[in-house]
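here is my input; please provide its structure:
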Amino acid sequence: MLEWIPLRRFILLVTAGVGMLSTATPAAGQFRDGQLPAKGQFWLEFTPALENWSEQFALDSPDPALSDGDREPLTADFDGPLTRRHFPDGVFLAGLNQDADALGFDLLAPEGFSLGGLDVSTMNAQVRRLELGLEYGVLQRLALEIRAPIVYTEMDIAFAYDTLSAMVVPGRTVLSAFESFFVDFGASLSGLEQLIAGGTLTPEEAAAAMALLDSSGAFGEALERRIRDNLLLPIAGSSPGVQIADYYSQLSDDYAALGFTLPELMLPAQVTGADVASYFTAAPVLGTAPAATTRGWSMPEIEAGVRFSVLDTWRSAAARELDAEESRSEAGDPSAEGDVPSPVSPAPLLRFRTSIGATARFPTLPANDGALFNPADFVGLPLGDGQPDVELALYQDVGIGGWFIVSAAGRYGLQLADELVLRVHTPDRPFALFETESVVERDLGDYLALRLAPQLRVNEYLSFGLEYGYWHKASDRYTLVSTAGELTDVSPLEVETSQTRQRLGLGVFYRAGGKAAEAGRAPPWLFGFVYQGAIGGSGGRTPASQLVTFTLRAPVQIF
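The predicted structure is shown next:
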């Protein structure tokens, strides 16, 4: 007979752990074995889990010291200079060079241009998942289930903007400082225009004055447009900034020779972090600046499934053992008395339990909901994938004697195609431009998940052992549906979408009811804890994550 005090302590332990963890990642089937609820019985399941990672398994890493499959920090795809590393060559520079003649500086080459960069020190991803499940035994061998995962994601990023190497600022950051400049500059140009119209200059002087008016007018128009339209403006110490200052100084001398004074030009002296952040929020990016991102609790999908028991010698073997114990007890065998559970002998050498299942997942949020895929969010983790899929599963348990169990499970998921809006980019250039935003057909790769859990039974209630998990997802496929720009190739979205990962850890399980539950004569309560760490993987964007999962199964007999 099961003692209440050890069970109560175990419940308190699990409850305390759950309070600290909150919830976790896609661990559907994490604790599944081949057992099904009895006919007329409900199983209520509560499965919180926590997954976190700060590394991924590299593929074609820019670090020459790393081979494919080695661990690299998540920062590898975000750290580095914005020009030549993150943004396409020339996308910012082309707009600046358009005003080179008017502002008086030489055309800049890509290698001589810098927006600054990101110095990312840490990136830590976390997914909490709280899965609520209900499984009902319709027949002795058939059960229906429904599950609802509630998910929370968080990306913690610590970084600094590299402003020392930057040579430009966005125009609007200096707009207020130039308001009076343009008033005085316009007054000087008006004075020169009136002088020319007055007819007091010689033809040669008038021609020179007209040329000066044209060049200074072009300078003022270009400068004002760049500031008011928030275009890039060189800072004072940069090479174009020095040339602009020299050119403006010559204009000022020419105006002074005619009796006019141009206002002093004070280009911004340095770039700030706010200036660099604005590159992400303004054209041509029109996105969100990198920042720690949290997406609160939401239910991104609902699962409905069915399971069928193919083979179960476990129940009949447990029933025979109970019958034998009852017979010994009636015959006065002292080994059958007391509250201490007797060993599960005489147990058959082998016992088997096999079930198969099918699950359909239905998204509850559209794919471009802010909690899932916001094309302008370059850092945050989505709560789910927002597309439907179908999963087939096989669960196999093998009991060896009375003290050893091997539980194995295989799940194959067919992910169905859908449409959504994404920005087209490769993983190493996550800050995609607005012009790449397109409607695409997405066909996520099918996946295979395997679980192998050899367990040693301390007694008929408690077991512990190893937990091995294997995950593989095929590459995604994308097809262009429509785009506002000239984009024709969306294949960059398919880069590094195939994932393979192996995890290894420990599991502890407490099954209240013992042989009576296995024989179908008592409710099969289950308490479980599993910790797994990644031991290998590949794919480039495959998280090298740790997963901690609890489970509580509470059976309720209706009929």
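
just want the most central residue of this protein.
Geometric centre of the chain, nearest residue: Leu381, 3.0 Å, by C-alpha atoms, centre = their mean.

Three-state assignment for that one, please.
coil (DSSP: H, G, I helix; E, B strand; the rest coil).

that one contacts Thr294, correct?
No. The criterion here is C-beta atoms under 8 Å, and Leu381 misses it with Thr294 at 9.3 Å. Glycine gets a C-beta too; all of them are placed from N, C-alpha and C.

next up, the contacts around Gln387.
If a contact means C-beta atoms under 8 Å, 6 or more residues apart in numbering, then Gln387 has 363, 367, 415-418, 442, 444 as its contacts.

got any residues that touch both of Leu381 and Thr294?
Joint contacts of Leu381 and Thr294 (C-beta under 8 Å, 6+ apart) are 153-155.

by neighbours, which of those residues wins?
Using other C-beta atoms under 10 Å as the neighbour test, the shared contacts of Leu381 and Thr294 are led by Thr153, with 23 neighbours.

that one and Asp214: what is the separation?
58 Å (C-beta to C-beta, to the nearest Å).

report the distance from stretch 401-419 to the chain centre.
Distance, stretch centre to chain centre, for stretch 401-419: 24 Å (C-alpha atoms, centre = their mean, to the nearest Å).

buried residues in that stretch?
Buried residues in stretch 401-419, counted by 16 or more other C-beta atoms under 10 Å: 401-403, 405, 407-411, 413, 415, 418.

and the residues you listed as CSV, adding secondary structure, pLDDT and distance to Ser165?
What follows is the buried residues of stretch 401-419, written out as CSV (DSSP: H, G, I helix; E, B strand; the rest coil; pLDDT from 0 to 100; distance: C-beta to C-beta, whole Å):
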residue, secondary structure, pLDDT, distance to Ser165
Gly401, coil, 83, 68
Gly402, coil, 78, 69
Trp403, coil, 87, 65
Ile405, strand, 92, 60
Ser407, strand, 94, 56
Ala408, strand, 96, 55
Ala409, strand, 96, 52
Gly410, strand, 96, 52
Arg411, strand, 96, 49
Gly413, strand, 96, 46
Gln415, strand, 96, 43
Asp418, strand, 96, 42
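
what about Gly357, how many residues nearby?
By the criterion of other C-beta under 10 Å, Gly357 has 20 neighbours.

phi, psi of it?
Here is the backbone geometry of Gly357 (degrees, to the nearest 10): phi -150, psi 160.

which residues sit in contact with Asp229?
Asp229 makes contacts with Gly171, as judged by C-beta under 8 Å, 6+ apart.

ok, it to Gln35 distance?
According to C-beta to C-beta, Asp229 and Gln35 sit 68 Å apart.

swap in Leu462?
Taking C-beta to C-beta, one finds Leu462 at 17 Å from Gln35.

quick one, which of those two is more surrounded?
Gln35 (25 against 17).

for the more buried one, which residues are in contact?
By C-beta under 8 Å, 6+ apart, Gln35 lies in contact with 312, 314, 353, 355, 397, 524.

what's the answer for Ile150, then?
Contacts of Ile150 by C-beta under 8 Å, 6+ apart are 23, 129-132, 297-299.

which one of those is nearest Ala209?
Of all the contacts of Ile150, Ser298 has the smallest distance to Ala209: 68.0 Å, by C-beta to C-beta.

next, Ser252: secondary structure please.
helix.

in space, what's closest to it - neighbours in sequence excluded?
The shortest distance from Ser252 to any non-neighbouring residue, by C-beta to C-beta, 6 or more residues apart in numbering, is to Leu262 (4.5 Å).

measure the one you found to Ala256 for me?
8 Å.

for those two, indicate the residue with more neighbours.
Between Leu262 and Ala256, counted using other C-beta under 10 Å, the more crowded position is Leu262 (23 against 11).

my read: that one touches Leu251, true?
Yes. Taking C-beta under 8 Å as the contact criterion, Leu262 and Leu251 are neighbours in contact, 6.4 Å apart.

which neighbours do the two share?
The overlap between the contact sets of Leu262 and Leu251 (C-beta under 8 Å, 6+ apart) consists of Ser216.

so, low pLDDT: which residues of the stretch 451-559 of the chain?
Scanning the stretch 451-559 of the chain for pLDDT under 70 picks out the ranges 519-522, 558-559.

where do the helices sit along it?
Applying DSSP state H, counting those that start in this stretch to the stretch 451-559 of the chain gives helices spanning 514-518.

picking up where we left off before, tell me the contacts of the residue nearest to the centre of the chain?
Residues in contact with Leu381 (C-beta under 8 Å, 6+ apart) are 125, 127, 153-155, 293, 295.

what packs against the helix ranked longest in the chain?
Longest among the helix segments of the chain by residue count, using DSSP state H, is helix 203-228. On a contact count with 3 or more C-beta pairs under 8 Å, 6 or more residues apart in numbering; DSSP states H and E, helix 203-228 meets helix 100-103, helix 175-198, strand 232-234, helix 239-257.

pick the most deeply packed of these.
Stretch with highest mean neighbour count among those: strand 232-234 (a mean of 23; mean count of other C-beta atoms under 10 Å).

give me the packing partners of it, helices and strands only.
Packing contacts for strand 232-234, counted by 3+ C-beta pairs under 8 Å, 6+ apart, involve helix 93-97, strand 168-170, helix 203-228, helix 239-257.

note down every partner strand of it and its orientation.
Strand 232-234 pairs in its sheet with strand 168-170 (antiparallel), by DSSP bridges.

tell me what Ala409 is bridged to.
Ala409 has these beta-bridge partners by DSSP bridges: Tyr395, Arg451.

is it true that it touches Leu392?
No. Contact status for Ala409 versus Leu392: not in contact, 11.6 Å apart, counting by C-beta under 8 Å.

give me the below-cutoff pLDDT ranges for the stretch 201-350 of the chain.
Ranges of the stretch 201-350 of the chain meeting pLDDT under 70: 316-321, 323-347.

give me the beta-bridge partners of Ala125?
Using DSSP bridges, the bridge partners assigned to Ala125 are Trp53, Met155.

dump the residue contacts of it.
So Ala125 contacts 52-54, 74, 153-156, 381, 543, 545 (C-beta under 8 Å, 6+ apart).

between those, which sits nearest Leu175?
When those are compared against Leu175 (criterion: C-beta to C-beta), the nearest one is Met155, at 33.0 Å.

buried sites along the helix or strand containing Ala148?
Using DSSP states H and E, Ala148 sits in strand 142-162. For strand 142-162, burial by neighbour count (16+ other C-beta under 10 Å) applies to 142-143, 145, 147, 149-155, 157, 159, 161-162.

how about stretch 306-316?
Buried-residue list, stretch 306-316, by 16+ other C-beta under 10 Å: 307, 309, 312, 314-315.

these in strands, which ones?
307, 309, 312 (DSSP state E).

need the residues you listed in a markdown table with distance to Ile535, can you?
Rendered in a markdown table, the data for those read as follows (distance: C-beta to C-beta, whole Å):
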| residue | distance to Ile535 |
| --- | --- |
| Arg307 | 30 |
| Ser309 | 33 |
| Asp312 | 33 |
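
closest to Gly69 out of those residues?
Nearest to Gly69 among those, counting by C-beta to C-beta, is Arg307 at 35.5 Å.

what's opposite the closest one in the beta bridge?
Ala143, Gly357.

quick one: it and Leu139 touch, right?
No. The pair Arg307 / Leu139 is not scored as a contact, 11.0 Å apart, by C-beta under 8 Å.

quick one on the thing from earlier: among the contacts of Ile150, name the buried ones.
Neighbour-count burial (16+ other C-beta under 10 Å) applied to the contacts of Ile150 gives 23, 129-131, 298-299.
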